[in-house]
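Q: Below is the sequence, then the predicted model.
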Amino acid sequence: MAERSVKVTILGDAKGGVAALKATESAAGGLEAKITGLGGKLSSFGSVVGTALGGLAIVGVGAVAALGASSISAASDFESAMSSVAAVAGASDAELKSLSDTAIKLGQDTTLSGIGATEAAQAMRELAAAGMSTADIIGGGALGALRLASAGGLEVGRAAEIAALALAQFGLAGSEAANVADLFAAAANSSAISVEDIAESMKYVGPVANSMGLSIEETTAAIAALGNQGIKGSAAGTALRSMIVSLASPSKEASKVINDLGLEM
């Protein structure tokens, strides 16, 4: 009797275990169906978000979350950069709005390789720190600095500093910044010097050349010519400055040579 009781108990436990297993499998199947359905909804949601963001393909929750974090970080960086611009430039709300709109537009310019809105804002800050007015920054200063950075392989801040100093040395308006950027880039590409070499030379000769009536184009051409002879940077600037000063007050011998050449004094 005891043996039968044991068998019945074991059989009963086995049947219960099978029933429990089936119940578990059924519940798991239902959960799997729910998860599959949820996955489909998330995938659809990802597609909608992707379309809204310019056709960017998004699959699953992880990608959506990653995109959200990236966008928030980029927006935060841009906002921080613009706040710095406002502080340095002393811009009004209206001016800050114009600066912000300009930075966003420049960040979308496909001709400016590797430049985004945040970088444009950083250039604006450097230009403002160099004393450029808000109107000049918007009117071409920022574009010129970014062109110089892109063409010369420079950090945005350094390119903005070079552009601002060149404009100041020759008394040019911010609207001329793009032309100055193109001038420096062209001179560097067609000679043995770099944009940094030109900037270094200009530190020594720019103000003197301007005071003697030489244009930034003429001065840049002279710097490039010296560079092709192996005279670069501060050496070129110092040498060119000495030449200009000597011509302003030439010796008798120099005056004779100038007259023989038919040059005007």
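A: Received, thanks.

Q: All the helices of the chain, in order from the start?
A: Using DSSP state H, the helices assigned to the chain run over residues 2-52, 60-89, 93-107, 117-129, 134-136, 142-152, 156-169, 177-189, 195-211, 216-227, 233-248, 252-260.

Q: how about the closest residue to residue 126 other than its chain neighbours, what does it touch?
A: Nearest non-adjacent residue to residue 126, counting by CB to CB, 6 or more residues apart in numbering: residue 160, 3.6 Å away. Backbone N, C-alpha and C define where each C-beta goes, glycine included. Contact analysis of residue 160 by CB atoms under 8 Å, 6 or more residues apart in numbering lists 122, 123, 124, 126, 127, 130, 142, 145, 149.

Q: how about 7 Å then?
A: 123, 126, 127, 145 (CB atoms under 7 Å, 6 or more residues apart in numbering).

Q: ok, and the most crowded of those residues?
A: Highest neighbour count within the contacts of residue 160: residue 145, with 37 neighbours (other CB atoms under 10 Å).

Q: So that one sits against residue 124, correct?
A: No - between residue 145 and residue 124 there is no contact under CB atoms under 7 Å: 8.3 Å.

Q: ok so, going back, for the residue nearest to residue 126, give its distance to residue 235.
A: 26 Å (CB to CB, to the nearest Å).

Q: In contact with residue 85: list those residues for me.
A: 91, 99, 121, 124, 125, 128.

Q: quick one: it from residue 107, how far?
A: Taking CB to CB, one finds residue 85 at 14 Å from residue 107.

Q: Test my guess that residue 112 contacts residue 150.
A: Yes - in this structure residue 112 lies within contact range of residue 150 using CB under 7 Å: 5.0 Å.

Q: for the stretch 1-150 of the chain, what are the low-confidence residue spans?
A: 1-71 (pLDDT under 70).

Q: try 80
A: 1-75, 113 (pLDDT under 80).

Q: what's next to stretch 215-232, contact-wise?
A: Against stretch 215-232 from outside (CB under 7 Å, 6+ apart): 166, 170, 180, 183-184, 187, 191-193, 197-198, 201, 205-206, 209, 236, 239-240.

Q: how about that stretch: buried residues?
A: 216, 219, 220, 222, 223, 224, 226, 227, 231, 232 (16 or more other CB atoms under 10 Å).

Q: Let me know the average pLDDT across stretch 210-230.
A: On average, the pLDDT along stretch 210-230 is 95.

Q: Return the alpha-carbon coordinates of it using PDB.
A: What follows is stretch 210-230, C-alpha atoms only, in PDB (Å, rounded to 0.1, in the frame of the first residue of the first chain):
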ATOM      1  CA  ASN A 210      49.100 100.400 -44.700                       C
ATOM      2  CA  SER A 211      50.500 103.700 -43.500                       C
ATOM      3  CA  MET A 212      52.600 103.900 -46.700                       C
ATOM      4  CA  GLY A 213      49.600 103.400 -48.900                       C
ATOM      5  CA  LEU A 214      50.200  99.800 -49.800                       C
ATOM      6  CA  SER A 215      47.100  97.600 -50.100                       C
ATOM      7  CA  ILE A 216      46.700  94.300 -48.400                       C
ATOM      8  CA  GLU A 217      46.800  92.600 -51.800                       C
ATOM      9  CA  GLU A 218      50.200  94.200 -52.600                       C
ATOM     10  CA  THR A 219      51.600  93.400 -49.200                       C
ATOM     11  CA  THR A 220      50.500  89.800 -49.400                       C
ATOM     12  CA  ALA A 221      52.000  89.400 -52.900                       C
ATOM     13  CA  ALA A 222      55.300  90.800 -51.600                       C
ATOM     14  CA  ILE A 223      55.200  88.400 -48.600                       C
ATOM     15  CA  ALA A 224      54.600  85.500 -51.000                       C
ATOM     16  CA  ALA A 225      57.500  86.500 -53.200                       C
ATOM     17  CA  LEU A 226      59.900  86.600 -50.300                       C
ATOM     18  CA  GLY A 227      58.500  83.200 -49.200                       C
ATOM     19  CA  ASN A 228      59.500  81.700 -52.500                       C
ATOM     20  CA  GLN A 229      63.000  82.900 -51.800                       C
ATOM     21  CA  GLY A 230      63.000  81.100 -48.500                       C
END
